[in-house]
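Novice: When you get a sec, could you give me coordinates for this:
(chains A, B, C and D)
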2 protein chains.
Amino acid sequence: MRWREIGETTCSVARTLSVIGDRWTLLILREAFLRTRRFDDFHAHLGLTRHVLTARLNTLVDEGVFEKVRYQDRPPRFEYRLTEKGLDLYPIVIGLTRWGDRWMAGEDGAPVELVHRECGHTMLPELGCPECGGPVNARNVEARPGPALRALLTNDDGARMRRAAPRDDKEKTR
Amino acid sequence: MRWREIGETTCSVARTLSVIGDRWTLLILREAFLRTRRFDDFHAHLGLTRHVLTARLNTLVDEGVFEKVRYQDRPPRFEYRLTEKGLDLYPIVIGLTRWGDRWMAGEDGAPVELVHRECGHTMLPELGCPECGGPVNARNVEARPGPALRALLTNDDGARMRRAAPRDDKEKTR
DNA sequence: CGAGTGAGTTCCTAATTGGAACTCACATCT
DNA sequence: AGATGTGAGTTCCAATTAGGAACTCACTCG
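Specialist: Coordinates of the predicted model:
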């Protein structure tokens, strides 16, 4: 299986990674959440090549994570703004920050601190259950097949991801 | 800047991505959270090449995300188990699942449903503030320099990431 | 003894990155 | 008018990485 095909599998993790799983993409998003919007600023802050930056911004626009907004005419210039779909990636970026703060900090401590505006506290966000309010972690959650996967389960052979069958585009699992 | 150098920057997102930001790594972790532990099972479920799988498992072990545990002697065989550090990546994998369920589901609906064992509800976890219990999102959190970054801020020139200076390994930002 | 297993390795080809320079459409300065 | 500057890409080539398929190793089993 090639990396470019992972978005076609029946797996939400893989589908998400098909949009934001390439090198540099999540760092571009980190910058976007820090209010960077223009090509040259992304380039200067991140140090990736302009070539790759162009490619990443284009797919992010194609996928609806950014929208390209004109901010001046003559010469026409555009900036990249997070859409609602893009803003909803925040928990992922926070998750990366939280883990880095907790496990990768050197002796100088964490590079960034997160402050919750509503209460003013410095904190590390935690996942919670919107139904009961309790904490959510690896040990108290069960992943069950959802509707899309149950539809495929009838003739599953155990492979969670499979290449597209030659003609029938529906033949992949999880 | 080369991708391999991002772990040396003063940024928690970049440091985390230096461990789990390569192609396939997060899918390997998804599998691990679904209780896959052996080489051939990862290979069969994911369809990546054995070559890349070997490389990814090795860095994950080096970084302390997996530990290699012997499960039989003669011939000696090992399996890969998530450590505490690895289990703590769960919020990231859940974040990816949640976004995929919400934004990438086709008309068949979500591939997976998450059930909270403590209350029995199917749910999409949300980030909350451990201090006040309120919701955490892109609009109500402020990222401030933490101790490690404040130490560097005295002579910052605006670049958030910078290559290591030729000899002085401390000269990078964010 | 021959076949099977689990976990890698090797080798070679195909993609994807990294670096650096070049282009284009204007705006401004001298 | 001509020179210089800006923001946002493009192009080209060398260096890394990934994809495929076959091969190896140390044993176990029938």
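Novice: Where does pLDDT dip in chain A?
Specialist: Along chain A, segments meeting pLDDT under 70 span A:154-174.
Novice: repeat that for 90
Specialist: A:74, A:106-108, A:149, A:151-174 (pLDDT under 90).
Novice: And the most far-flung residue of it relative to its centre, how far from chain B?
Specialist: Here the centre of chain A is the reference, and by C-alpha atoms, centre = their mean the most remote residue is A:Arg74, at 34.0 Å. Between A:Arg74 and chain B the computed distance is 28 Å (C-beta to the nearest C-beta, to the nearest Å). Placement of C-beta: from N, CA and C, glycine included.
Novice: Just confirm that residue is within a strand.
Specialist: No: under DSSP: H, G, I helix; E, B strand; the rest coil, A:Arg74 falls outside any strand and is assigned coil.
Novice: Would you mind measuring from it to A:Phe39?
Specialist: Computed as C-beta to C-beta, to the nearest Å, the A:Arg74 to A:Phe39 distance reads 18 Å.
Novice: what's in contact with the host helix or strand of A:Ala32?
Specialist: Using DSSP states H and E, A:Ala32 falls within helix A:25-33. With contacts defined as C-beta atoms under 8 Å, 6 or more residues apart in numbering or on different chains, helix A:25-33 is touched by A:19-20, A:41-42, A:45-46, A:48, A:53, A:56-57, A:60, A:65-66, A:80, A:82, A:86, A:89-90, A:92-93, A:96, B:6, B:11, B:13-14, B:17, B:21, B:138, B:143, B:160-161.
Novice: Helices along chain A, start to end?
Specialist: A:12-20, A:25-33, A:39-46, A:50-62, A:84-87, A:90-103, A:147-150 (DSSP state H).
Novice: Just give the closest residue to the most centrally placed residue in chain A, not the sequence neighbours.
Specialist: Of all residues in chain A, the one closest to the mean position by C-alpha atoms, centre = their mean is A:Ile20, 4.6 Å from it. Using C-beta to C-beta, 6 or more residues apart in numbering or on different chains and skipping the chain neighbours, the partner closest in space to A:Ile20 is A:Leu26 (5.8 Å).
Novice: and the one you found, how many neighbours does it have?
Specialist: Using other C-beta atoms under 10 Å in any protein chain shown, A:Leu26 has 21 neighbouring residues.
Novice: Same check on the one 4 residues further on?
Specialist: Neighbours of A:Arg30 under the rule other C-beta under 10 Å: 24.
Novice: for A:Phe42, same thing?
Specialist: 22.
Novice: who's in contact with it?
Specialist: A:28, A:31, A:36, A:53, A:57, A:80.
Novice: so which of those are also by DNA strand D?
Specialist: With the criterion set as C-beta under 7 Å from any atom of the strand, the members of these near DNA strand D are A:Leu57.
Novice: I'd like the contacts of A:Phe42 as JSON lines, with distance to B:Leu114 and neighbour count appended.
Specialist: Converted to JSON lines, the contacts of A:Phe42 look like this (distance: C-beta to C-beta, whole Å; neighbours: other C-beta atoms under 10 Å in any protein chain shown):
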{"residue": "A:Ile28", "distance to B:Leu114": "28", "neighbour count": "23"}
{"residue": "A:Glu31", "distance to B:Leu114": "30", "neighbour count": "20"}
{"residue": "A:Thr36", "distance to B:Leu114": "32", "neighbour count": "20"}
{"residue": "A:Leu53", "distance to B:Leu114": "34", "neighbour count": "18"}
{"residue": "A:Leu57", "distance to B:Leu114": "32", "neighbour count": "19"}
{"residue": "A:Tyr80", "distance to B:Leu114": "31", "neighbour count": "22"}
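Novice: would you turn the contacts of A:Phe42 into JSON lines with distance to A:Glu113?
Specialist: Output for the contacts of A:Phe42, formatted as JSON lines (distance: C-beta to C-beta, whole Å):
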{"residue": "A:Ile28", "distance to A:Glu113": "22"}
{"residue": "A:Glu31", "distance to A:Glu113": "18"}
{"residue": "A:Thr36", "distance to A:Glu113": "20"}
{"residue": "A:Leu53", "distance to A:Glu113": "28"}
{"residue": "A:Leu57", "distance to A:Glu113": "29"}
{"residue": "A:Tyr80", "distance to A:Glu113": "26"}
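Novice: Cool, thanks, talk later.
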